[in-house]
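Chemist: 3D model of this:
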Amino acid sequence: MKTGKHYLIAILLVIISIPELQAQYGYGQNSGYGRNSGYGRQRSIIPEAQDTPEPPEPLTAEQIVDLEMPNITEAIGLNEFEQAVVRSILVESIQERIELQILELSPEKTKEGVEKIRSRQDEELKTGLPADKYEAFLELQKNRFKDKSKKKKKKKKKSKE
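Modeler: Have a look, this model is predicted:
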């Protein structure tokens with residue numbers, strides 16, 4: 001009788017452990033999501049490295065000016081000669097600002113450098129453009145740096161009234 005109980009317990013343990021063995025060695029229907037077709041030991045699934053998108057390369061001074069020149073030309077009404085003058089001055093100034101950022105100077109020196117670049121740019125524009133177009137350029141420059149959220153708030157207030 002004792003032997004029969006031992007055989008019965010052993011058979012029950014084998015029957016109970018069959019699903020565990022199938023899951024461990026990959027002999028079941030869902031063994032590896034199509035890999036290995038259910039034969040042999042299932043490979044461990046290692047997630048593939050995702051391609052992290054590279055940050056976009058910073059624009060060059062010429063690219064920045066090329067993007068802005070149509071807006072400047074339209075707003076001020078520059079002819080081709082004036083466009084060439086403004087473009088060359090802006091490319092040079094922006095290139096100097098980019099170089100200043102690369103140097104990573106202290107905030108005081110950076111501010112001082114930007115002021116020098118801006119004053120030199122203003123002087124060159126003043127000599128290269130007629131007075132009315134120079135003033136229009138300065139006005140355009142001032143309007144671009146104002147906070148746009150203030151304009152939106154004023155428009156919202158006007159539409160409510």
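
Chemist: Look up how far Gln101 lies from the residue nearest to the spatial centre of the chain.
Modeler: Ranked by distance to the mean C-alpha position of the chain (Cα atoms, centre = their mean), the top residue is Pro55 at 5.6 Å. Pro55 sits 15 Å away from Gln101, going by Cβ to Cβ, to the nearest Å. Every residue, glycine included, has its C-beta placed from N, CA and C.

Chemist: does Asp122 sit in a helix or strand, and which one?
Modeler: Under the criterion DSSP states H and E, the helix or strand holding Asp122 is helix 107-128.

Chemist: now Asn71
Modeler: Here Asn71 is assigned to helix 61-76, by DSSP H and E.

Chemist: what's that helix packed up against?
Modeler: Packed against helix 61-76, as judged by 3 or more Cβ pairs under 8 Å, 6 or more residues apart in numbering; DSSP states H and E, are the following elements: helix 80-103, helix 131-144.

Chemist: Tell me the buried residues in the first one?
Modeler: Okay, so that is helix 80-103. Neighbour counts over helix 80-103 (16 or more other Cβ atoms under 10 Å) mark 82, 85-87, 89-97, 100 as buried.

Chemist: and what of the last one?
Modeler: Taking 16+ other Cβ under 10 Å as the basis for neighbour counts, the residues of helix 131-144 that come out buried are 133-134, 136-137.

Chemist: Tell me the one among these nearest to Glu108.
Modeler: Glu108 lies nearest to Phe137 out of the buried residues of helix 131-144, by Cβ to Cβ, at 28.2 Å.

Chemist: Return the member of the helices and strands packed on helix 61-76 having the minimum mean pLDDT.
Modeler: Lowest mean pLDDT within those: helix 131-144, a mean of 87.

Chemist: residues making contact with that one?
Modeler: When contacts are defined by Cβ atoms under 8 Å, 6 or more residues apart in numbering, helix 131-144 is touched by residues 72, 75-78, 82, 86, 122, 125-126, 129.

Chemist: and Ala75, how many neighbours?
Modeler: For Ala75, the neighbour count with other Cβ atoms under 10 Å is 14.

Chemist: likewise Ile117?
Modeler: Neighbouring residues of Ile117 were enumerated by other Cβ under 10 Å; the total is 18.
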